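> I would like to see how this sequence folds:
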Amino acid sequence: MRLLLLSNSTAPGHGYLDHAREEIADFLAGARRLAFVPYAGADHDGYTAQVSRALTPLGVEVTGVHAGPDPAEAVAAADAVFVGGGNSFRLLTALHRHGLVEAIRTRVAAGAGYMGSSAGTNMACPTLRTTNDMPIVQPPTFAALGLVPFQINPHYLDAAPDSSHMGETRAQRIAEFHQENDVPVLGLREGTWLRADDARLTLGGVAAGAVLFERGSAPVELRPGTELTRLLTTTALFDAADR
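Alright, predicted model coming up:
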């Protein structure tokens, strides 16, 4: 299984996907046809054009799965699949509506690379439950692609000690998740990503790294280069509502 899961698609001072360009180029090496899933956004044509401008120079032909009569067929014909960011509730709803959950699972199991950013990274998890988004639509289920057996929180933010914000911090929200579910949650800070090649999982990106939350344990700071392969053997125990 080959995965590249980005916390974010745009970093301050960089163009779209530029902060991870070298990693993306390496990940997509050898791929000629890329199926882009634009359903997390509202303007599917515009979103696909943005991705095409960023990735075509890397030697891949980008096709929006929405452009043809059968999105699942577009995925089946691709060497790699990229699921972009936006609203994860809207995205998951569309994946189920268009038959893409099983189509993407099948294609990735057959060797195609899966790249996600933000909401697309959420989709690689067993469920939607650690997204940051508002539920602007109602998906038929919170169950997502399950390409990895643990949860990810993209755009992870540390609490600012001088902030006047009185709501829950991101760490507190993840602690609430662990009151009901026993599965690791990886908080990916901006500019970081996960790379899986076959049975090896590694953290990459900026020095800020990530934070690993596990039920009953203190959060663990992780730096780029950390191998996280053990997370691929996680047994995910969720509340029964997701099943």
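> sketch out the low-pLDDT regions of this protein for me.
In the predicted model of the chain, residues 159-167, 236-243 satisfy pLDDT under 70.
> ok, which stretches of this protein are strands?
Counting by DSSP state E, the chain forms strands over residues 2-6, 33-37, 61-64, 80-83, 113-117, 151-153, 185-188, 192-197, 200-205, 210-213, 220-222, given from the N-terminal end onward.
> the last one pairs with which strands, parallel or anti?
Translated: strand 220-222. Strand 220-222 sits in its sheet next to strand 210-213 (antiparallel), going by DSSP bridges.
> okay, the strands of the chain in TSV with distance to residue 54 and mean neighbour count next?
Every residue, glycine included, has its C-beta placed from N, CA and C. Formatted as TSV, the strands of the chain follow (distance: least, C-beta to C-beta, whole Å; neighbours: other C-beta atoms under 10 Å):
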stretch	distance to residue 54	mean neighbour count
strand 2-6	12	24
strand 33-37	10	24
strand 61-64	9	18
strand 80-83	10	26
strand 113-117	11	27
strand 151-153	22	27
strand 185-188	20	26
strand 192-197	15	22
strand 200-205	17	19
strand 210-213	24	22
strand 220-222	27	14
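> now these in TSV, with distance to residue 123?
Below are these laid out as TSV (distance: least, C-beta to C-beta, whole Å):
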stretch	distance to residue 123
strand 2-6	9
strand 33-37	9
strand 61-64	17
strand 80-83	5
strand 113-117	6
strand 151-153	10
strand 185-188	14
strand 192-197	13
strand 200-205	17
strand 210-213	18
strand 220-222	22
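> of these, which is nearest residue 126?
With distances scored as C-beta to C-beta, the stretch of those nearest to residue 126 is strand 151-153 (7.0 Å).
> what packs against the closest one?
Judged by 3 or more C-beta pairs under 8 Å, 6 or more residues apart in numbering; DSSP states H and E, strand 151-153 is in contact with helix 170-180, strand 185-188.
> okay, the ones you listed, which one's buried deepest?
Scoring those by mean neighbour count under mean count of other C-beta atoms under 10 Å gives strand 185-188 as the most buried, with a mean of 26.
> can you list contacts of that one?
5, 7, 121, 130, 150-156, 170-171, 174, 177-178, 194, 210-214, 228, 231 (C-beta atoms under 8 Å, 6 or more residues apart in numbering).
> repeat for stretch 60-74
Where contact means C-beta under 8 Å, 6+ apart, the residues beyond stretch 60-74 that reach it are 28, 31-39, 44-45, 47-48, 51-52, 55-56, 75, 78-80, 82, 98-100, 102-103.
> may I see the buried residues of that stretch?
Going by neighbour count (16 or more other C-beta atoms under 10 Å), the buried part of stretch 60-74 is 60, 62-66, 71-72, 74.
> in the residues you listed, find the pair that's most separated.
Of all pairs drawn from those, the widest gap by C-beta to C-beta lies between 60 and 72 and measures 19.9 Å.
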